[in-house]
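Visitor: Fold the following and give me the result.
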Amino acid sequence: MTCLMFSGQAEEAIRFYTSVFSPAEIEQIVHPENGMMFHATFLLKGQRLMVIDNHVDHHEFTPAMSLCVTCDTEEELDRAFEQLSQSGKVLVPLGAYPFSKKFAWVEDRYGVSWQLSLGKE
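Guide: Numbering: from 1, shown residues only. Now for the predicted structure:
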């Protein structure tokens with residue numbers, strides 16, 4: 001299972017991610033006594049991911065590790081690209097490439113890198 005470590009934004013991030021993709025759902029959120037989210041699991045298009053908040057050390061995400069999502073339709077891909085790149089940055093522009101009819105690579109506002117591709121329509 002992939003685990004993403006945030007510095008105080010984990011719950012905000014998973015609520016955003018589950019609003020971008022479908023099907024998606026938050027499975028579990030565990031709040032420690034101080035009220036800050038510590039641990040959660042969620043599903044994105046059948047893939048289970050885990051997030052934690054680390055309030056001691058801050059670690060940056062890097063594009064050396066990215067989440068790859070195959071979208072079912074062009075509309076889904078376009079919407080995900082628009083939402084994930086908003087306040088983030090485009091690493092590879094949305095377009096046609098030899099390996100995919102439609103593809104983009106973006107870094108979202110939290111620093112998480114996403115490779116979005118179109119499945120066979």
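Visitor: For this protein, just list every one of the helices.
Guide: 10-20, 74-85 (DSSP state H).
Visitor: Against Asp53, how distant is Asn34?
Guide: In this view, Asn34 and Asp53 are 11 Å apart by CB to CB, to the nearest Å. (Each C-beta comes from the backbone N, C-alpha and C, glycine too.)
Visitor: Tell me which of the two has more neighbours.
Guide: Asp53 (18 against 7; other CB atoms under 10 Å).
Visitor: isn't the more buried one right up against Ala10?
Guide: Yes. Using CB atoms under 8 Å, Asp53 makes contact with Ala10 at a distance of 4.5 Å.
Visitor: can you pull the pLDDT of the residue positioned nearest the centre of the chain?
Guide: For the chain, Tyr17 is the residue whose C-alpha lies nearest the centre (CA atoms, centre = their mean; 5.5 Å). Note for Tyr17: predicted pLDDT of 98.
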